[in-house]
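Student: One predicted model, sequence on top.
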Amino acid sequence: MFDCTVVINRFVINENKLCLSVTFNCDYNSEVASPKAKVFFEQDKTTRRMPLPIKEYAKQNDGESCAVECSYEYLIDTLFYNKQSSSDIKIRFDIYYGDEEYIGVPISISENAQIERKELVSFDFDNNCAFIKPLKTKKKLSISGILKKKYSRADIVEIIRKPLIFAFRRYYKSLCRKNAVKQNRISFMSCRRNEMGGNLDCVYQLLKERSDIDFQFLLYSDPNGHKKISIIKRFLYLYATSRVVVVDDYFRLLNTVNKREGVKLYQLWHACGAFKTFGFSRLGKSFAPRQKDVSHRMYDCAIVSSREIAKHYAEGFGLSDECIAATGIPRTDVFMNGEYAEDVKEKFYKKHPQLKDKKIILFAPTFRGNGQMSAFYPLDKFSPEQVYNSLGGEYAIIIKLHPFCKERFEISKEYSDFIIDLSDEEELNDLLFITDLLITDYSSVIFEASLLNIPMLFYAYDLEEYISSRDFYYEFKGFVPGKIVQSSDELINSIKEKDFEAEKINDFKNKFFDSLDGKSSKRIADKILNDLSERKG
């Protein structure tokens, strides 16, 4: 049995901040490179999961135990989205250590612990939790304080944005005053695509014949689209007047105004499973959102592929647990549709007849960099021509780089029939139907590939660096459903030996997908229809 306790070293309330410093003491496992410590907050049945950043992880002298030192400052007044309550906030500590998951770790207080504002703090050692009383604090502004403050780039951007956001909000409020919520209106919005596709389209296809529904669309792929007045005005109008709004990614304009009562906002997130940390799960790391950011926190319902990962999406989005629905992911329904699979294969081989007698490697890595504007893949790390030649022509290679990556491989003419870059063409999901081997690194395509039992190799040449900068929800080496290689030679040898560790796929698939019935789209469509039937406005 996994043994763990947490010792509180610092528990200080300072104005609107809870300053925590704790040490988890648990059994040591040399295979665990990156434990995950968490703080779970609850107030009036509204919950908030947040990471507790690790400062040091060290094996103890006995060789059998370890200490995980953690500390962070949490903003008490922004724990819960648009919620004011005088109820006590309950706090518990959780830890994920490799395959071990300990919820509600037993607490104790160190002899030299710093506990301040004791009138606001209490501990329930029998139930492994603490309580704090929320404070009503007023921000003190002073000219000297403003002059002395060191402004970050984010602060300056926010100062510039404030007049614009104020204008948007005034306009939005006027729209809300002049227009009632249209109880039959569903608006589909995406900044990933110019036309319907992915999860949005899967749900829309089940609803589109309904003549009693007013369908509206706001779709664009321009990374600067959120700055265009025509798009902003269209968004504000639809957000003010739609009973249901459905998005499929981070939609920046949602941050500008507060959703009015009577509007339901759905997030049909484009990725399956839980792999790389995102959103508020990145607190304490570079390029993490600020605690006071509203990003993602306004969703009424965010979908996931299984109950196992609901907690990770609640944390990443900053949502209360009840806002996460394990419906399954709409676009995965096609993997249970044999007719669709045969149609995709027929179209592909009609377009590329020279590949019919070849096994196909799909090379689909994720990007490096901090986002869409800086995304890249280091092309010198993978030589498709070298891989092709080393395998004696048994395989053809399809390249599918992340859409954020602008630079492409240069394929010489002599290889162009059997090394094909489809980064700008085919849908990634469709390419899986003709794939015999997937080579990737940290891409969430592994979840879809598992549905088709495709063997996988993980070319993770920069694994330690990636863990340090980005990290994962699970221990990478024990998580991925295939063999990990870290050099071109290892990669080629594994392919030659057919050494893919494919036996890991089935357990992986069952962990991250609750339902393999091809009805995920229907479950979401039914939830949306249920919202339309509830007349609130």
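Tutor: Perfect, I can see it now.
Student: Going toward the C-terminus from whichever strand or helix holds Cys176, what's the next helix or strand?
Tutor: Following DSSP states H and E, one finds Cys176 within helix 153-178. Per DSSP H and E, the first helix or strand lying C-terminal to helix 153-178 is strand 182-190.
Student: Mean confidence (pLDDT) on the following helix or strand past that next one, please.
Tutor: Next along the chain after strand 182-190, taking DSSP H and E as the criterion, comes helix 198-207. For helix 198-207, mean pLDDT rounds to 96.
Student: Past helix 198-207, which element shows up next along the chain?
Tutor: Beyond helix 198-207 toward the C-terminal end (DSSP H and E), the next one is strand 214-219.
Student: Any idea how many residues pack against Thr354?
Tutor: That one is not Thr; residue 354 is Gln. Gln354 has 11 neighbours, counted by other C-beta atoms under 10 Å. For glycine as for every other residue, the C-beta is placed from the backbone atoms N, C-alpha and C.
Student: Repeat that for Cys26.
Tutor: Cys26 has 21 nearby residues by other C-beta under 10 Å.
Student: Mind listing what's buried along stretch 260-271?
Tutor: Using 16 or more other C-beta atoms under 10 Å as the test for burial, stretch 260-271 gives Arg260, Val263, Lys264, Leu265, Tyr266, Gln267, Leu268, Trp269, His270, Ala271.
Student: The first one in helix, strand or coil?
Tutor: Read that as Arg260. Following DSSP: H, G, I helix; E, B strand; the rest coil, Arg260 is assigned to coil.
Student: Surely it and Val181 touch.
Tutor: Yes - using C-beta atoms under 8 Å, Arg260 is in contact with Val181, at 7.2 Å.
Student: Now do the shared contacts for the two.
Tutor: Common neighbours of Arg260 and Val181, using C-beta atoms under 8 Å, 6 or more residues apart in numbering, are Ala240.
Student: Mind checking which of the buried residues of stretch 260-271 are in strands?
Tutor: Judged by DSSP state E, strands contain the following of these: Lys264, Leu265, Tyr266, Gln267.
Student: possible to save those residues as a markdown table with pLDDT and distance to Lys285?
Tutor: What follows is those, written out as a markdown table (pLDDT from 0 to 100; distance: C-beta to C-beta, whole Å):
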| residue | pLDDT | distance to Lys285 |
| --- | --- | --- |
| Lys264 | 97 | 32 |
| Leu265 | 98 | 27 |
| Tyr266 | 98 | 28 |
| Gln267 | 98 | 22 |
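Student: Please enumerate the helices of the stretch 401-537 of the chain.
Tutor: 428-431, 445-451, 463-469, 476-479, 488-496, 505-512, 520-533 (DSSP state H, counting those that start in this stretch).
Student: Out of the ones you listed, which is closest to Glu322?
Tutor: With C-beta to C-beta as the measure, helix 520-533 is the member of those nearest Glu322 (13.2 Å).
Student: what helix or strand does the spatially closest residue to Arg48 that is not a sequence neighbour sit in?
Tutor: Once flanking residues are discounted, Arg48 sits nearest to Phe41: 4.4 Å by C-beta to C-beta, 6 or more residues apart in numbering. Assigned by DSSP H and E, Phe41 falls within strand 36-43.
Student: For stretch 341-348, give the mean pLDDT please.
Tutor: 96.
Student: same check, this time on stretch 410-418
Tutor: 93.
Student: and it, which residues are buried?
Tutor: Ile411, Phe418.
Student: Make residue 1 into 29 and carry on from there
Tutor: From this message on, residue numbering opens at 29, which makes the last subject stretch 438-446.
Student: what's that stretch in contact with?
Tutor: Outside stretch 438-446, the residues that reach it (C-beta under 8 Å, 6+ apart) are Gln382, Leu383, Lys386, Pro412, Glu413, Tyr416, Gly421, Ala424, Ile425, Ile447, Ile448, Asp449.
Student: low-confidence ranges in this structure?
Tutor: Low-confidence segments of the chain (pLDDT under 70): 164-189, 563-565.
Student: any idea how far Ser548 is from Ser561?
Tutor: Using C-beta to C-beta, to the nearest Å, one gets 21 Å for the distance from Ser561 to Ser548.
Student: Comparing the two, which shows the higher neighbour count?
Tutor: Between Ser561 and Ser548, counted using other C-beta under 10 Å, Ser548 has the larger neighbour count: 27 against 9.
Student: isn't the more buried one right up against Val362?
Tutor: No - between Ser548 and Val362 there is no contact under C-beta under 8 Å: 10.4 Å.
Student: next one: phi and psi at Asp31?
Tutor: For Asp31, the backbone dihedrals (degrees, to the nearest 10) come out as phi -110, psi 130.
Student: burial measure for it, as a count.
Tutor: 11.
Student: could you list every residue that touches it?
Tutor: With C-beta under 8 Å, 6+ apart, Asp31 has these contacts: Cys54, Asp55.
Student: same check, this time on Lys373
Tutor: Lys373 touches Phe461, Ile462, counting by C-beta under 8 Å, 6+ apart.
Student: Repeat the analysis, applying 10 Å as the threshold.
Tutor: Neighbouring residues of Lys373 by C-beta atoms under 10 Å, 6 or more residues apart in numbering: Lys384, Asp458, Phe461, Ile462.
Student: and Tyr416, what helix or strand is that in?
Tutor: Assigned by DSSP H and E, Tyr416 falls within helix 412-418.
Student: Just the buried residues of stretch 400-407, please?
Tutor: Those would be Ala403, Tyr405, for stretch 400-407 by 16+ other C-beta under 10 Å.
Student: Ok, stretch 117-137 next?
Tutor: Within stretch 117-137, the residues scored as buried using 16+ other C-beta under 10 Å are 117-126, 128, 130, 133, 135.
Student: Tyr502: which of these is nearest?
Tutor: The nearest one, if we look at those relative to Tyr502 and count by C-beta to C-beta, is Tyr124, at 7.9 Å.
Student: so what's the backbone phi/psi at the nearest residue to Glu503 once chain neighbours are set aside?
Tutor: Once flanking residues are discounted, Glu503 sits nearest to Gly126: 5.2 Å by C-beta to C-beta, 6+ apart. Main-chain torsions, Gly126, degrees, to the nearest 10: phi 60, psi -120.
Student: dump the residue contacts of Gly126.
Tutor: 30, 55, 57-64, 502-503, 505-507.
Student: and what of Ser334?
Tutor: Contacts of Ser334 by C-beta under 10 Å, 6+ apart are 300-302, 354, 356-357, 475, 538-543.
Student: Please save the CA atoms from the strand holding Phe69 in PDB.
Tutor: Output of strand 64-71 as PDB, limited to C-alpha atoms (Å, rounded to 0.1, in the frame of the first residue of the first chain):
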ATOM      1  CA  LYS A  64       2.300  15.900  -9.200                       C
ATOM      2  CA  ALA A  65       1.200  17.600  -6.000                       C
ATOM      3  CA  LYS A  66      -2.300  19.200  -6.000                       C
ATOM      4  CA  VAL A  67      -4.500  21.500  -3.800                       C
ATOM      5  CA  PHE A  68      -8.200  20.900  -3.900                       C
ATOM      6  CA  PHE A  69     -10.500  23.800  -2.800                       C
ATOM      7  CA  GLU A  70     -14.200  23.600  -2.200                       C
ATOM      8  CA  GLN A  71     -16.800  26.200  -1.300                       C
END
